[in-house]
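Asker: Sequence first, then the predicted structure, then my questions.
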There are 2 protein chains.
Amino acid sequence: MGFQDSFKALSDPTRREILHLLRTGPASAGELLKHFSITGASLSHHLSVLKYAGLIDDEKKGKYIFYTLNTTVLDDILNWMMSLKGTEKGESNHEKP
Amino acid sequence: MGFQDSFKALSDPTRREILHLLRTGPASAGELLKHFSITGASLSHHLSVLKYAGLIDDEKKGKYIFYTLNTTVLDDILNWMMSLKGTEKGESNHEKP
DNA sequence: TAGACATTTAGAAAATCATCTAAATAAATT
DNA sequence: AATTTATTTAGATGATTTTCTAAATGTCTA
């Protein structure tokens, strides 16, 4: 887990789509799989990368594993990008100084 | 140039450091090179990736080429991340609805 | 408990990537 | 004009990544 892992995780289109699908709520691996034309093994790999990066959490519920978006790391990345733009952490930036 | 290229460009630590160095203003390739222990050829490669992604601009000034941060694409990425969090484009998000 | 279902792990192949050295281009200096 | 300086391009190499098939693990149901 670290900045590097998060950015690496985000650099793959399948993984970004997974995050996008999870924005509305949890989903099992099988549900997610319907949206892609890759094998379950490939999806599983992508999920493990996202999990290692801290971008998703998983919870086993019987036969299924449900994945949920974790926005904590996203916030860190957002802050890093804001700092590049010279915008401070919590600023709303509606006015220009 | 596209979303994918931008994220790929951001997934390398050297390239992120380049962007970080450029946040205070333009710099030539040679100036940037001082901050890394890679060859000029490698740096040049990284700069071309960043440029292709639209994250930096370059301008030739005689013997030197000056690179500047371009925040347009960063804004697109920021918006994409905000949308993941369920936050709309320009919202300040200081209150919870 | 045997079989079906959901998901992961292992291992391999092909593609992509970061880096290097060597050579090329282009502008400034002497 | 020849040399030096700044940077890029070309081509090669080793590392990492994405994907696959096959097999393993764990859980539910008939």
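Answerer: That came through, no problem. Numbers count the residues shown, from 1 in each chain, chains lettered A, B, ... in the order given.
Asker: Near DNA strand C, which residues of chain A are found?
Answerer: Proximity of chain A to DNA strand C (Cβ under 7 Å from any atom of the strand) is limited to residues A:28-31, A:33, A:40-41, A:43-45, A:47-48, A:58, A:63-65. C-beta: built from backbone N, CA, C; applies to glycine.
Asker: run the last query once more with 6 Å
Answerer: Contact residues, chain A versus DNA strand C (Cβ under 6 Å from any atom of the strand): A:28, A:29, A:30, A:40, A:41, A:44, A:47, A:48, A:63, A:64, A:65.
Asker: Now the third one: which helix or strand?
Answerer: In this structure, residue A:30 sits in helix A:29-33 according to DSSP states H and E.
Asker: next structured bit after that helix?
Answerer: helix A:40-52.
Asker: what's that following helix packed up against?
Answerer: Under the contact criterion of 3 or more Cβ pairs under 8 Å, 6 or more residues apart in numbering or on different chains; DSSP states H and E, helix A:40-52 touches helix A:3-10, helix A:13-22, helix A:29-33, strand A:56-61.
Asker: okay, the ones you listed in TSV with distance to residue B:3 next?
Answerer: Converted to TSV, the helices and strands packed on helix A:40-52 look like this (distance: least, Cβ to Cβ, whole Å):
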stretch	distance to residue B:3
helix A:3-10	10
helix A:13-22	8
helix A:29-33	20
strand A:56-61	20
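Asker: All set, thanks.
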